[in-house]
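Chemist: Have a look at this fold, sequence not included:
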């Protein structure tokens, strides 16, 4: 399926695209040097939004799902990247234990698992699936839409190691984002590699840390390219922790909304952008899309106030501490596929871009979150010339060039996650 | 272009294919462990021949040309592999000096260079071309078939470093196989990475060393899979050095031909193969296809004797020492594309398979060398499902499975080249 990207590719000419293309060797070298100092997350997916006047990551997933939405053309890239990742982490590895998302039981979730099993098997590992669901006492076969089967087995914890019956893995790959908390089975696994580490999960992770790291990365990158970091970085503010019940007093949130909106208005004026700015208010924690509210004016917050507490309580109910709110500059998406609003999603394994797709939603507006019921997926048109940029093409006129740029911004968000995980590592040694 | 591979894929069922597929995680792990001990050549292409009853590499090129024959679908794989290679060798690299083959001036050769420039630029390097041709005193622009241009510049040697005007590379990538000898410009470059190293060139390299290393690798691999190494290893013998003029006395060669033919006959009998065995006699040195002679009986050698001296003299004339002859079990190729005899060629960068194609020749027989005027190329049908094996498909019925097996055998030959380069490294420290 080749997406119809006419609007996306004939939108406002993006100076950024040209600058990114011209600087390709410098950009790749810069990443190479950054990866000498920082360890990339094991796998990452990044939701982007392209407003024509700016391009920014809006969500960085460290336990990505939906791998089955990548085009099959990109599979060998994923396998090669997985080989490189394994070689660094545990070259003598034989067995990989894959732990699925506890909440994910749809046919799509099974296809995602099937794809992950496929990638890591072909990278040279015996892959088996172990469930966090304590109700599962024996192996059970789940049937896939294509008629294939997946065997899900109960975990077995023996002292410091986690495995399955007759299966002792050197590496455990987690595909659950821990928004439901850290299960006992995963705690204190000091003899095995648990990837990503526990503090990458939403039980501990905070969006505000990531946004701070991304701001730092965006500034460095913008300096390399000699451009305004705002072109790739949504401004943001954070509020202190709020309990679900304290939301009746929204003064702190209102102040942040006002502050961010004022800064965005100034930028829009500077760049002559005739759009109405907006911000997105979301819980500092969690990945579910619950409690995300679009606000165009601090006064709109009163409407939102009715919706926020439920989302926060949901998080608190999942056993996590009360978290603050993040107020983030909204980036409209001006890409369309068959009239539906679309946002690109970039997938990475280790430091490599391995594919992507468009998330589209026919019933939502350009300033709304596209995750949620009714969203669907269109593979990024990597197939045409395979994400390799074409020198000499007019900015905005070449899908491969556009996708190269998406891959660069996706990797910036991944680098920010690397910074973030270093800064928040509970086991890091402190030298200062 | 999708090759018509009906004959190839419905040929005699290949037990090897099934065994290779079943053992995939074990095979990939085995490679991973081998690459911990041995450094892969920077880039490699391997000519294979599939006889249905056996599959073997017949030539391992350490300065591969024809990169432009890889399908565009495979380009991102090549870029990713190049990134991994650079990161290991010289992560802070900015500049790459690419040195083209001195003998290669055809439009195809320019397309090959264009592709290499593309791959390494996209991997994050400033790539420029420097010629070994001392006649070139100023940069000259060569026009490509697609209208593009390549700038070829004269080399500048300053003390221990090689570069171009205003261009000081950290790494030099050689695409000339040195069958014309080692130019002064490339000698004693101790401050830069010269890839591949000089002793990988035909001025020093001997096929017999490679065949010995491949035999060792094939035995290890066959042990891993519990199979007869002969299924992937052509038997061979070598003769002592022969000067071009001494060929009138072919007794040594005749004895080797007899010995190898006898062993092959025994194997054919063991496996019930109703083919007439043959051997290929070729100079121990060089890659040109000159002097390669197919022999079905030691008595045929008298015919061949007329052709061999010219080839050997040609080598000697190129300034290299007189080399011996290699007598290698001939592997017929039973693959056909539109009735033309075809042999697969596998391309690798660093340890990764990045693509391949079929070399076809309408006018040659299944037991003849397909390199030479009149040969053409068909990209391997990686595009269909991208070299990722499909579990469950009947052996011989799935192109991806066939191509995965080709990638495995190609990598065995590459591993043999790694062993070979270690054993022949003039700068290696000797511990025993």
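Modeler: The structure has been received and is ready for your questions. Fair warning: this is a prediction, and the values are worked out from it, not measured in the lab.

Chemist: quick one: average confidence on stretch A:27-35?
Modeler: Averaged across stretch A:27-35, the pLDDT comes to 96.

Chemist: Over to stretch A:341-348?
Modeler: 88.

Chemist: right, is it up against chain B?
Modeler: No: counting by C-beta under 8 Å from any C-beta of the partner chain, chain B is not contacted by stretch A:341-348; separation bottoms out at 11.3 Å. The C-beta positions use only the backbone N, C-alpha and C, and glycine is treated the same way.

Chemist: Any buried residues in that stretch, and which?
Modeler: A:341-348 (16 or more other C-beta atoms under 10 Å in any protein chain shown).

Chemist: Point me to the residue of the stretch 101-250 of chain A nearest chain B.
Modeler: When scored by C-beta to the nearest C-beta, the stretch 101-250 of chain A has residue A:124 as its residue closest to chain B, at 2.4 Å.

Chemist: nearest spatial neighbour of that residue, skipping sequence neighbours?
Modeler: residue B:28 (2.4 Å; C-beta to C-beta, 6 or more residues apart in numbering or on different chains).

Chemist: same deal with residue A:418?
Modeler: Leaving out its chain neighbours, the residue that sits closest to residue A:418 by C-beta to C-beta, 6+ apart is residue A:38, at 4.2 Å.

Chemist: Could you check how far that neighbour is from residue A:175?
Modeler: 23 Å (C-beta to C-beta, to the nearest Å).

Chemist: Looking at the two now, which is surrounded by more residues?
Modeler: More crowded of residue A:38 and residue A:175, by other C-beta atoms under 10 Å in any protein chain shown: residue A:175, with 21 against 17.

Chemist: Do I have it right that the more buried one meets residue A:99?
Modeler: Yes: counting by C-beta atoms under 8 Å, residue A:175 touches residue A:99, with 6.3 Å between them.

Chemist: surely the residue nearest to residue A:418 meets residue A:422?
Modeler: Yes: using C-beta under 8 Å, residue A:38 is in contact with residue A:422, at 6.6 Å.

Chemist: The stretch 151-300 of chain A: strands as residue ranges?
Modeler: When secondary structure is read from DSSP state E, counting those that start in this stretch, the stretch 151-300 of chain A shows strands at A:156-158, A:161-163, A:171-174, A:193-195, A:236-238, A:279-283, A:293-295.

Chemist: Quick check: buried residues in the fourth one?
Modeler: I take that to be strand A:193-195. Buried, per 16+ other C-beta under 10 Å, within strand A:193-195: A:193-195.

Chemist: do the second one as well
Modeler: Of all the residues in strand A:161-163, those buried under the rule 16+ other C-beta under 10 Å are A:162-163.

Chemist: Can you pull out the residues in contact with it?
Modeler: Residues from elsewhere that reach strand A:161-163 (C-beta atoms under 8 Å, 6 or more residues apart in numbering or on different chains): A:97, A:130, A:155-156, A:168-169, A:172, A:185-186, A:189, A:191-192.

Chemist: Quick check: residue A:346 touching residue A:410?
Modeler: Yes: at 3.1 Å, residue A:346 counts as touching residue A:410 under the criterion of C-beta under 8 Å.

Chemist: if I look at the two, which residues touch both of them?
Modeler: With C-beta under 8 Å, 6+ apart as the test, residue A:346 and residue A:410 both reach A:46, A:48, A:353, A:356.

Chemist: so, if you compare the residues you listed, which one comes nearest to residue B:230?
Modeler: residue A:353 (42.6 Å; C-beta to C-beta).

Chemist: how about the helix or strand harbouring the closest one, does it reach chain B?
Modeler: For residue A:353, the enclosing helix or strand under DSSP states H and E is strand A:352-361. Yes: Strand A:352-361 lies within reach of chain B by C-beta under 8 Å from any C-beta, at residue A:352.

Chemist: Neighbouring strands - and their directions - for that strand?
Modeler: Strand A:352-361 has its sheet partners listed here by DSSP bridges as strand A:340-349 (antiparallel), strand A:376-379 (antiparallel).

Chemist: Report the angle between whichever helix in chain A runs longest and strand A:340-349.
Modeler: In chain A, assigned by DSSP state H, the helix with the most residues is helix A:399-424. Here helix A:399-424 runs at an angle of 60 degrees relative to strand A:340-349 (axes from the mean of the first three to the mean of the last three C-alpha atoms, to 10 degrees).

Chemist: Which strands and helices lie in contact with helix A:399-424?
Modeler: helix A:6-9, helix A:15-22, helix A:24-37, strand A:43-50, strand A:55-61, helix A:207-225, strand A:340-349, strand A:352-361 (3 or more C-beta pairs under 8 Å, 6 or more residues apart in numbering or on different chains; DSSP states H and E).

Chemist: one more time with 6 Å, if that's ok
Modeler: Helix A:399-424 is packed against helix A:15-22, strand A:43-50, strand A:55-61, helix A:207-225, strand A:340-349, with contacts defined by 3 or more C-beta pairs under 6 Å, 6 or more residues apart in numbering or on different chains; DSSP states H and E.

Chemist: Report all helices and strands that the shortest one contacts.
Modeler: With contacts defined as 3+ C-beta pairs under 6 Å, 6+ apart, strand A:55-61 has these neighbours: strand A:43-50, helix A:399-424.

Chemist: of these, which approaches residue B:262 most closely?
Modeler: Counting by C-beta to C-beta, residue B:262 lies closest to strand A:43-50 out of these; the figure is 55.2 Å.

Chemist: And the average pLDDT for the closest one is what?
Modeler: Per-region confidence: strand A:43-50 scores 94 on mean pLDDT.

Chemist: Paired strands for that strand, with orientation please.
Modeler: According to DSSP bridges, strand A:43-50 has these partners: strand A:55-61 (antiparallel), strand A:340-349 (antiparallel).

Chemist: now the longest helix of chain A, how far from the centre of its chain.
Modeler: Helix A:399-424 sits 10 Å away from the centroid of its parent chain (C-alpha atoms, centre = their mean, to the nearest Å).

Chemist: so that helix versus helix A:15-22, what angle?
Modeler: 90 degrees.

Chemist: If you count neighbours, what's buried in helix A:399-424?
Modeler: Neighbour-count burial for helix A:399-424, counted by 16+ other C-beta under 10 Å, picks out A:399-421, A:424.

Chemist: Run through the residues of chain A sitting next to chain B.
Modeler: A:25, A:28-29, A:32, A:36, A:75-77, A:80, A:84, A:87, A:91, A:122, A:124-126, A:352, A:386-388 (C-beta under 6 Å from any C-beta of the partner chain).

Chemist: And the one helix or strand residue A:127 maps to, what's buried?
Modeler: Using DSSP H and E, residue A:127 sits within strand A:126-131. Applying a neighbour-count criterion of 16+ other C-beta under 10 Å, one finds A:126-131 buried in strand A:126-131.

Chemist: Dump the residues you listed to JSON lines, plus pLDDT.
Modeler: Converted to JSON lines, the buried residues of strand A:126-131 look like this (pLDDT from 0 to 100):
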{"residue": "A:126", "pLDDT": "95"}
{"residue": "A:127", "pLDDT": "97"}
{"residue": "A:128", "pLDDT": "97"}
{"residue": "A:129", "pLDDT": "97"}
{"residue": "A:130", "pLDDT": "96"}
{"residue": "A:131", "pLDDT": "95"}
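
Chemist: which one of those is nearest residue B:219?
Modeler: Comparing the buried residues of strand A:126-131 against residue B:219 with C-beta to C-beta picks out residue A:126 as the nearest, at 24.9 Å.

Chemist: Quick check: beta-bridge partners of that closest one?
Modeler: Following DSSP bridges, residue A:126 is listed with bridge partners residue A:95.

Chemist: still on that earlier bit, kindly reformat the strands of the stretch 151-300 of chain A as a markdown table and extend each row with mean pLDDT.
Modeler: Formatted as a markdown table, the strands of the stretch 151-300 of chain A follow (pLDDT from 0 to 100):
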| stretch | mean pLDDT |
| --- | --- |
| strand A:156-158 | 90 |
| strand A:161-163 | 95 |
| strand A:171-174 | 96 |
| strand A:193-195 | 94 |
| strand A:236-238 | 86 |
| strand A:279-283 | 86 |
| strand A:293-295 | 82 |
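
Chemist: Many thanks, we can stop here.
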